[in-house]
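# Sequence and predicted structure below; questions after.
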Amino acid sequence: MSIQTYASTAASISAVFVFLGILGRWIHRWFARLEHAVGVVEQRSQQLEPNGGSSLRDDVTAIRAALGQHTADLAALHNQVDALSRSSGGDPK
């Protein structure tokens, strides 16, 4: 065998290893991104389940309860203003 044959064989083998390295790196990155995406989905799923105070769902429930209480307080205040307006002889509407 000549030196050209050895050189071409070595170049071919090197090209195959470079291709396999690039392919392996691409596959590794793809799996890392997939693993990250699964982790994010699991974390968001946990935030949507009530767990006693630290989840997003618990915060939404607390906000709805506070909004309901504020709405009831506002309705009671509105009724008191109407009653005062009627008792003082004003026009309720």
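Noted; the coordinates are in hand.

# Outline the domain layout of the chain.
Residue ranges for the domains of the chain, per automatic domain parsing: 1-47, 52-93.

# how about JSON lines for those domains, with mean neighbour count and mean pLDDT added?
The way it works is simple: take the backbone N, C-alpha and C, and place the C-beta from them, glycine included. Rendered in JSON lines, the data for the domains of the chain read as follows (neighbours: other CB atoms under 10 Å; pLDDT from 0 to 100):
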{"stretch": "domain 1-47", "mean neighbour count": "10", "mean pLDDT": "94"}
{"stretch": "domain 52-93", "mean neighbour count": "10", "mean pLDDT": "85"}
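
# just the helices in this protein please.
Taking DSSP state H, the helices of the chain run over residues 3-47, 56-87.

# Quickly note the distance from the residue lying closest to residue 47 once chain neighbours are set aside to residue 5.
Distances taken as CB to CB, 6 or more residues apart in numbering put residue 56 closest to residue 47, at 4.2 Å, once the chain neighbours are dropped. In this view, residue 56 and residue 5 are 67 Å apart by CB to CB, to the nearest Å.

# which other residues reach stretch 45-57?
With contacts defined as CB atoms under 8 Å, 6 or more residues apart in numbering, stretch 45-57 is touched by 58, 61.
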